[in-house]
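Student: okay, structure incoming, though there's no sequence with it:
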């Protein structure tokens with residue numbers, strides 16, 4: 001198998017600057033989307049710092065004798081540890097930067113990352129916040145991440161919560177992000193990789209505007225043209241109102 005990927009980001013129709021960032025690091029099989037938050041463009045600083053920190057950590061740990069900033073978690077594989085450590089390092093750098101720069105206080109970012117291992121024919125997904133990863137396989141779309149949001153936290157505690165009660169909860173409140181505290185819990189998952197799989201990593205500027213089934217149809221309609229797929233997703237978000245920055249990374253296994 002081999003992997004190809006395309007990323008695209010857009011400011012949307014309602015914002016005056018873009019606080020999203022993404023990376024397609026084919027060299028490592030690593031793909032990222034970060035969605036920054038904070039006033040006075042500090043969200044842009046946070047998302048770029050997150051993406052740069054993860055990239056620099058992977059570059060620094062190419063050799064086996066590299067020093068890691070966090071202890072190895074024995075419950076995770078080496079690949080999972082590497083991805084988790086990179087995101088934890090990004091969290092620490094954002095937190096430290098905000099703590100020492102009054103103009104950046106309160107900044108943070110969500111992040112979703114996917115690391116592909118062709119040798120193991122597996123993908124490793126890590127996320128903090130409400131940026132999402134989707135897998136498209138055999139004509140079906142499935143979310144590989146669970147939003148760290150107020151609504152989802154309520155549903156975990158009270159799965160039978162009535163719709164009337166859910167409707168009064170704010171939908172844009174996230175309960176976990178990079179930079180909010182000096183440490184962070186990173187959710188990890190592993191999935192088998194199959195030829196023909198496609199994946200969409202996105203900020204909530206996509207899934208907050210476009211339903212999952214429409215995302216599926218747009219990916220299917222684009223066929224093998226990943227550039228058209230990414231452009232179609234961004235255009236759909238803007239056609240639905242463009243209320244937020246929108247960023248997508250589309251990955252395909254061949």
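Tutor: Everything's here; your move. Small disclaimer: the values here were computed from a predicted structure and weren't measured. Residues are numbered from 1 along each chain as shown.

Student: what stretches of the stretch 101-250 of the chain score poorly on pLDDT?
Tutor: 149-171 (pLDDT under 70).

Student: repeat that for 90
Tutor: Scanning the stretch 101-250 of the chain for pLDDT under 90 picks out the ranges 102-103, 105-106, 148-175.

Student: mind listing the helices for it?
Tutor: Here the stretch 101-250 of the chain has its helices, by DSSP state H, counting those that start in this stretch, at 150-157, 163-167, 204-207, 212-222, 226-239.

Student: in the longest one, what's buried?
Tutor: The one in question is helix 226-239. For helix 226-239, burial by neighbour count (16 or more other Cβ atoms under 10 Å) applies to 226, 228-238. Quick note: C-beta positions are derived from backbone N, CA and C, even for glycine.

Student: what residues are up against the one residue sitting closest to the centre of the chain?
Tutor: Residue closest to the mean C-alpha point of the chain, counted by Cα atoms, centre = their mean, is residue 112 at 2.1 Å. Residue 112 is in contact with 32-33, 125-127, 129, 131-133, 145, 201-202, counting by Cβ atoms under 8 Å, 6 or more residues apart in numbering.

Student: C-terminal to whichever strand or helix holds residue 5, which secondary structure element comes first?
Tutor: If you go by DSSP states H and E, residue 5 is part of strand 3-10. As assigned by DSSP H and E, the chain's next helix or strand after strand 3-10 is strand 20-25.

Student: for whatever helix or strand comes next after that following strand, enumerate the helices and strands it packs against.
Tutor: Beyond strand 20-25 in the direction of the C-terminus, DSSP H and E gives the next helix or strand as strand 30-37. Under the contact definition 3 or more Cβ pairs under 8 Å, 6 or more residues apart in numbering; DSSP states H and E, strand 30-37 sits against strand 3-10, strand 20-25, helix 42-60, strand 108-117, strand 198-202, strand 246-253.

Student: strand 30-37 pairs with which strands?
Tutor: Strand 30-37 pairs in its sheet with strand 20-25 (antiparallel), strand 108-117 (antiparallel), by DSSP bridges.

Student: so residue 216 makes contact with residue 140?
Tutor: Yes - at 7.4 Å, residue 216 counts as touching residue 140 under the criterion of Cβ atoms under 8 Å.

Student: returning to what we had before: okay if I get the contacts of residue 112 as CSV plus distance to residue 91 and neighbour count?
Tutor: Formatted as CSV, these follow (distance: Cβ to Cβ, whole Å; neighbours: other Cβ atoms under 10 Å):
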residue, distance to residue 91, neighbour count
32, 14, 28
33, 16, 31
125, 17, 23
126, 12, 23
127, 13, 26
129, 11, 27
131, 14, 31
132, 19, 25
133, 19, 25
145, 17, 20
201, 18, 29
202, 21, 28
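
Student: how about the residues you listed, which pair is most distant?
Tutor: Using Cβ to Cβ, the two most remote members of the contacts of residue 112 are 126 and 202, lying 15.1 Å apart.

Student: for the residue nearest to the centre of the chain, give the beta-bridge partners.
Tutor: residue 33, residue 127.

Student: closest one to residue 182 among the helices and strands packed on strand 30-37?
Tutor: strand 108-117 (12.4 Å).

Student: run the chain-centre distance for the closest one.
Tutor: 5 Å (Cα atoms, centre = their mean, to the nearest Å).

Student: what's the angle between it and strand 3-10?
Tutor: Relative orientation of strand 108-117 versus strand 3-10 (axes from the mean of the first three to the mean of the last three Cα atoms, to 10 degrees): 160 degrees.

Student: buried residues in strand 108-117?
Tutor: Under 16+ other Cβ under 10 Å, the buried positions of strand 108-117 are 108-116.

Student: and that strand with strand 246-253, angle?
Tutor: Using the same axes, to 10 degrees: strand 108-117 against strand 246-253 is 10 degrees.

Student: now strand 108-117 against helix 42-60, angle please.
Tutor: Put simply, strand 108-117 runs at 30 degrees to helix 42-60, going by the same axes, to 10 degrees.

Student: could you find the closest non-adjacent residue to residue 200?
Tutor: Leaving out its chain neighbours, the residue that sits closest to residue 200 by Cβ to Cβ, 6 or more residues apart in numbering is residue 134, at 4.4 Å.
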